[in-house]
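Colleague: structure for this input, please:
(chains A and B)
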Amino acid sequence: DIQMTQSPASLSASLGETVTIECRASEDIYNGLAWYQQKPGKSPQLLIYNANSLHTGVPSRFSGSGSGTQYSLKINSLQSEDVASYFCQQYYDYPWTFGGGTKLELK
Amino acid sequence: EVQLQESGPGLVKPSQSLSLTCSVTGYSITSNYWGWIRKFPGNKMEWMGYISYSGSTSYNPSLKSRISITRDTSKNQFFLQLNSVTTEDTATYYCARAYGSYGDWFAYWGQGTLVTVSS
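Modeller: The predicted structure follows:
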């Protein structure tokens, strides 16, 4: 299975700050990567697919980038509603696998 | 707008079978891919498998001997059965609609249902 290592595990940031979350795959996943946001008590919401394509309705302050084994999710101008957990998922090879998650809090 | 809703027992005894239903409204399950994902206490996520628009299935090899995903197109529902459960199967179970060539990413999720395996 492809292992997805996500960092950091937790993050504290201020409103208006730019935040970056990283995901490293154990092998090349050729941009087969999605990012999700999950708020407490809610189901996950798709943010990004194909490493850098913004899902419909997702604010443009969210962006994805990367290639090969290294990918990142960037949140520009952090808003209070962005407080959540974020996790990545690879779909280059079965079984699909997820990163361990990043919990984002306000400083 | 597509909506998904999981239902089923919240408590299952060890060695028994876990059975969940995902009821879909707003979109036919004869299109796209429809998957099951679970989130363990401690937040690890696991893709369990999917059933496609044609009824074909794909399962996580770690579960292959215990899992079955089926559907009832007349009711627009799909189902998860996991046999011989242990306490390690305690998790929140989500059904989701998947996009991409092979059910790659999950664009719409149910609200999730917590299943506890305990005697």
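
Colleague: any bit of the strand or helix carrying residue A:11 sitting next to chain B?
Modeller: Applying DSSP states H and E as the criterion places residue A:11 in strand A:10-13. No. Applying Cβ under 8 Å from any Cβ of the partner chain, one finds strand A:10-13 separated from chain B by no less than 11.1 Å. Placement of C-beta: from N, CA and C, glycine included.

Colleague: could you export that strand as CSV, CA atoms only?
Modeller: C-alpha atoms of strand A:10-13 as CSV (Å, rounded to 0.1, in the frame of the first residue of the first chain):
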residue,chain,number,x,y,z
SER,A,10,-1.4,19.9,14.5
LEU,A,11,-1.1,23.5,13.7
SER,A,12,-2.0,26.8,15.4
ALA,A,13,-2.3,29.9,13.3
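
Colleague: nearest residue to the middle of chain A?
Modeller: residue A:35 (3.9 Å; Cα atoms, centre = their mean).

Colleague: spell out which residues of chain A are next to chain B.
Modeller: So chain A meets chain B at A:32, A:34, A:36, A:42-46, A:49-50, A:55, A:85, A:87, A:89, A:91, A:94-98, A:100-101 (Cβ under 8 Å from any Cβ).

Colleague: where does residue B:54 fall, secondary structure wise?
Modeller: Residue B:54 belongs to no helix or strand, assigned by DSSP H and E.

Colleague: what about it, neighbour count?
Modeller: 8 (other Cβ atoms under 10 Å in any protein chain shown).

Colleague: strands along chain A, start to end?
Modeller: Shown for chain A, the strands assigned by DSSP state E span residues A:4-7, A:10-13, A:19-25, A:33-38, A:45-49, A:53-54, A:62-67, A:70-75, A:84-90, A:97-98, A:102-106.

Colleague: parallel or antiparallel, list what pairs with the strand holding residue A:11.
Modeller: For strand A:10-13, the pairing partners within the sheet under DSSP bridges are strand A:102-106 (parallel).

Colleague: show me what counts as buried in the partner strand.
Modeller: By 16 or more other Cβ atoms under 10 Å in any protein chain shown, the buried positions in strand A:102-106 come out as A:102-104.

Colleague: looking at the residues you listed, spot the one nearest chain B.
Modeller: Distance to chain B across these (Cβ to the nearest Cβ) is lowest for residue A:103, with 8.4 Å.

Colleague: what residues are bridge-paired with that closest one?
Modeller: Assigned bridge partners for residue A:103, using DSSP bridges, are residue A:10, residue A:85.

Colleague: ok, it - contacts?
Modeller: A:9-11, A:85 (Cβ atoms under 8 Å, 6 or more residues apart in numbering or on different chains).

Colleague: just the buried ones from the residues you listed, in ChimeraX syntax?
Modeller: ChimeraX command restricting these to the buried ones, with burial defined by 16+ other Cβ under 10 Å:
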select /A:85
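
Colleague: mind checking how far residue B:5 is from chain A?
Modeller: The gap separating residue B:5 from chain A is 11 Å, by Cβ to the nearest Cβ, to the nearest Å.

Colleague: what's across from that residue in the sheet?
Modeller: With DSSP bridges as the rule, residue B:5 is bridged to residue B:23.

Colleague: re earlier: mind putting the strands of chain A into a markdown table with mean pLDDT and distance to residue B:25?
Modeller: Below are the strands of chain A laid out as a markdown table (pLDDT from 0 to 100; distance: least, Cβ to Cβ, whole Å):
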| stretch | mean pLDDT | distance to residue B:25 |
| --- | --- | --- |
| strand A:4-7 | 98 | 32 |
| strand A:10-13 | 97 | 36 |
| strand A:19-25 | 98 | 33 |
| strand A:33-38 | 98 | 22 |
| strand A:45-49 | 98 | 19 |
| strand A:53-54 | 98 | 26 |
| strand A:62-67 | 98 | 28 |
| strand A:70-75 | 98 | 31 |
| strand A:84-90 | 98 | 25 |
| strand A:97-98 | 98 | 27 |
| strand A:102-106 | 97 | 32 |
